[in-house]
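A.B. asks: Compute the structure for the input listed below.
(chains A, B, C and D)
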Number of protein chains: 2
Amino acid sequence: MSNQPKILLAEDDPNLGLLLSEFLKKKGYEVTWANNGDEALDCFVKDKFNLCLLDVMMPKKDGFSLAKDIRATHFDVPIIFLTAKSMEEDTLQGFKVGADDYLTKPFSMEVLLARMEAVLRRTHSDKSISKLADEIVLGKYVYFPDKMKIVLAGVEQKFTPKENELMKLLCENLGRPVSRSFALKLIWGDDTYFNARSMDVYMTKLRKMLKEDPSIQLQNLHGEGFRLIIE
Amino acid sequence: MSNQPKILLAEDDPNLGLLLSEFLKKKGYEVTWANNGDEALDCFVKDKFNLCLLDVMMPKKDGFSLAKDIRATHFDVPIIFLTAKSMEEDTLQGFKVGADDYLTKPFSMEVLLARMEAVLRRTHSDKSISKLADEIVLGKYVYFPDKMKIVLAGVEQKFTPKENELMKLLCENLGRPVSRSFALKLIWGDDTYFNARSMDVYMTKLRKMLKEDPSIQLQNLHGEGFRLIIE
DNA sequence: TTTAAGTGTTAAAGAGTGTTAAGAGGTAAA
DNA sequence: TTTACCTCTTAACACTCTTTAACACTTAAA
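C.D. replies: Numbers count the residues shown, from 1 in each chain, chains lettered A, B, ... in the order given. Down below sits the predicted model:
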């Protein structure tokens, strides 16, 4: 049952990407290699990983931004940054996002392996996916994810499929931010302008459905995403 | 209850030792400073520590040897090596002993702090050092970092994400200066002219929000940074 | 004192979001 | 098939957050 650890590798340089990917496979890891940050987020949404190796400078979505999106919903997946920038100050932002380590190119394969193992040794890897309960108490409301409905004082409101997917995602991350692009890729399949606007419309719908209890707030975090909190 | 994390510092250079020790104490750690490996092992045996910072080259007993002794009885105490050697073979030897990280001198205090926090986050997961309390009393105000708001006499003002990040940083360093470039790299990701001007605008915003209590002052330290103090 | 760099502050520009309502597409019953 | 209904998307407009611009003032150094 203890399969080989799954690694998400985000690296736009084809040479280094191939090199790393082959090396890690030889060493017994299962590697998924994405060519840019956007693609990496796609992979992350669709699969589960034990560790992320992220290049900082990538087209479409840089490593820091990607890490934020990952951390928004998975706060304990280990993240190691790979970067050409040698300036140490840049490492600060990485650690702020919740990096576990930081390697400056060029680095040796052995050092990478050593640091990966050091990080993996610390992780409680058998933390499975946060499965939601059948009933979730949200202030005065009770939410039934499987039944796609919410109940307040015996009165029930039904969710449409998209409303329910959003609601589930927000509840899985209650009190923590859910990044826009993560939610879009997960529920809409694609992070485009119109899908984003559509999601905004759904946020308004959810707010209306939850408005009877003012202690429940569906906040926007400008440029980042959304957060459901109960005060 | 919320003890400060206890750090064992093994460093034979008196200058660096004092510097590190004082810096970490300021940052809220309890530091035990040993002048060589032998003394450090003595300390370790007599007490419990949350993290070990070990210089590699020390008289009497070197850092690697010390780490082995520590690991012999304490499998999961985080260990970070400090060393002047930059050769990677030494890095690997460090990791074989079970190191969690490795810093090459000279390193900045902030980077050390970031890496310490990254390691500590993995061990006692919710005892992050820079974690602020839920409520922070600031003169007549009460600041709620997670809720992104401040309350004065029942009236609340909400912070935007950037305002809140700045406010948190200033409160984590209440009474102490926060350097411009540190704040910029942490919150804006980059220390550029325009980001700096943007931060100045935010300082003005925070001053306005806090103006009802004149004992709270958000001072500028010319060319250095800012400082939040309560008189 | 003069000069350059740094800072305080306000206002406007630009990008992101809240909300409502109309449009497009689908499904099921008449 | 038509009709009614439902889900989701698109459009429009108002508003919020962040950055940029502008100008006045302060500090440090020559």
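A.B. asks: name the element residue A:202 belongs to?
C.D. replies: Taking DSSP states H and E as the definition, residue A:202 sits inside helix A:193-209.
A.B. asks: can I have that helix written out in PDB, keeping just the CAs?
C.D. replies: The C-alpha trace of helix A:193-209 is given here as PDB (Å, rounded to 0.1, in the frame of the first residue of the first chain):
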ATOM      1  CA  TYR A 193     -12.300  35.500 -17.700                       C
ATOM      2  CA  PHE A 194     -15.900  34.500 -18.300                       C
ATOM      3  CA  ASN A 195     -15.800  31.500 -16.000                       C
ATOM      4  CA  ALA A 196     -14.400  33.800 -13.300                       C
ATOM      5  CA  ARG A 197     -17.300  36.200 -13.800                       C
ATOM      6  CA  SER A 198     -19.700  33.300 -13.700                       C
ATOM      7  CA  MET A 199     -18.200  32.200 -10.400                       C
ATOM      8  CA  ASP A 200     -18.700  35.700  -9.000                       C
ATOM      9  CA  VAL A 201     -22.300  35.400  -9.800                       C
ATOM     10  CA  TYR A 202     -22.400  32.100  -7.900                       C
ATOM     11  CA  MET A 203     -20.800  33.800  -4.900                       C
ATOM     12  CA  THR A 204     -23.600  36.300  -4.900                       C
ATOM     13  CA  LYS A 205     -26.100  33.400  -5.000                       C
ATOM     14  CA  LEU A 206     -24.400  31.700  -2.100                       C
ATOM     15  CA  ARG A 207     -24.300  34.900  -0.100                       C
ATOM     16  CA  LYS A 208     -28.100  35.300  -0.600                       C
ATOM     17  CA  MET A 209     -28.800  31.800   0.500                       C
END
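A.B. asks: Would you mark the buried spots in that helix?
C.D. replies: With burial defined by 16 or more other C-beta atoms under 10 Å in any protein chain shown, the residues of helix A:193-209 counted as buried are A:195, A:199, A:202-203, A:205-206, A:209. Placement of C-beta: from N, CA and C, glycine included.
A.B. asks: lowest-confidence helix or strand of chain A?
C.D. replies: For chain A, counting by mean pLDDT, DSSP states H and E, helix A:89-97 ranks last in confidence among helices and strands (a mean of 71).
A.B. asks: is the helix holding residue A:202 anywhere near chain B?
C.D. replies: No. Helix A:193-209 lies apart from chain B when judged by C-beta under 8 Å from any C-beta of the partner chain; the minimum separation is 16.0 Å.
A.B. asks: helices and strands around that helix, which ones?
C.D. replies: With contacts defined as 3 or more C-beta pairs under 8 Å, 6 or more residues apart in numbering or on different chains; DSSP states H and E, the packing partners of helix A:193-209 are helix A:161-172, helix A:180-183, strand A:216-221.
A.B. asks: Could you tell me which ranges of chain A sit under the pLDDT cut-off?
C.D. replies: Applying pLDDT under 70 to chain A flags the ranges A:1-3, A:85-91, A:106, A:124-131.
A.B. asks: residue closest to the middle of it?
C.D. replies: Geometric centre of chain A, nearest residue: residue A:70, 2.6 Å, by C-alpha atoms, centre = their mean.
A.B. asks: I'd like to know how far it sits from residue A:171.
C.D. replies: Residue A:70 sits 19 Å away from residue A:171 when distances are taken as C-beta to C-beta, to the nearest Å.
A.B. asks: and what of residue A:37?
C.D. replies: Counting by C-beta to C-beta, the gap from residue A:37 to residue A:171 is 27 Å.
A.B. asks: So between those two, which is more surrounded?
C.D. replies: More neighbours surround residue A:37 than the other of residue A:37 and residue A:171, with 26 against 16 (other C-beta atoms under 10 Å in any protein chain shown).
A.B. asks: was I right about that one contacting residue A:58?
C.D. replies: Yes. Residue A:37 sits in contact with residue A:58 when judged by C-beta atoms under 8 Å, with a separation of 4.8 Å.
A.B. asks: Need the residues touching each of these two.
C.D. replies: Common neighbours of residue A:37 and residue A:58, counting by C-beta atoms under 8 Å, 6 or more residues apart in numbering or on different chains, are A:10, A:66.
A.B. asks: Okay, residue A:133 and residue A:172: tell me how far apart.
C.D. replies: 11 Å.
A.B. asks: Look at these two and report which has more neighbours.
C.D. replies: The residue with the greater number of neighbours, taking residue A:133 and residue A:172 and applying other C-beta under 10 Å, is residue A:172; the counts read 17 against 11.
A.B. asks: Would you confirm that that one contacts residue A:73?
C.D. replies: Yes. In this structure, residue A:172 is within contact of residue A:73 by C-beta under 8 Å, at 7.2 Å.
A.B. asks: May I see the buried residues of stretch A:69-77?
C.D. replies: Of the residues in stretch A:69-77, those with enough neighbours to count as buried (16+ other C-beta under 10 Å) are A:69-74, A:77.
A.B. asks: Locate the spatially closest residue to residue A:101 that is not a sequence neighbour within the secondary structure: which element?
C.D. replies: The spatial neighbour of residue A:101 that comes closest, neighbours along the chain excluded (C-beta to C-beta, 6 or more residues apart in numbering or on different chains), is residue A:80 at 4.5 Å. If you go by DSSP H and E, residue A:80 is part of strand A:79-83.
A.B. asks: Partner strands of that strand, with direction?
C.D. replies: Applying DSSP bridges to the sheet, strand A:79-83 is found paired with strand A:51-55 (parallel), strand A:101-104 (parallel).
A.B. asks: Give me whichever of these is most buried.
C.D. replies: Taking mean count of other C-beta atoms under 10 Å in any protein chain shown as the contact definition, the stretch among the strands paired with strand A:79-83 with the greatest mean neighbour count is strand A:51-55, which reaches a mean of 26.
A.B. asks: After that strand, which helix or strand is next? Please name it.
C.D. replies: Using DSSP H and E, the helix or strand that follows strand A:51-55 towards the C-terminus is helix A:63-73.
A.B. asks: and the residue of chain A nearest DNA strand C?
C.D. replies: Of all residues in chain A, residue A:220 sits closest to DNA strand C, at 3.2 Å by C-beta to the nearest atom of the strand.
A.B. asks: what pairs with the nearest residue to that residue once chain neighbours are set aside across the strands?
C.D. replies: Nearest residue to residue A:220 in three dimensions, chain neighbours excluded: residue A:226, at 5.7 Å (C-beta to C-beta, 6+ apart). Beta-bridge pairing for residue A:226 (DSSP bridges): residue A:178, residue A:220.
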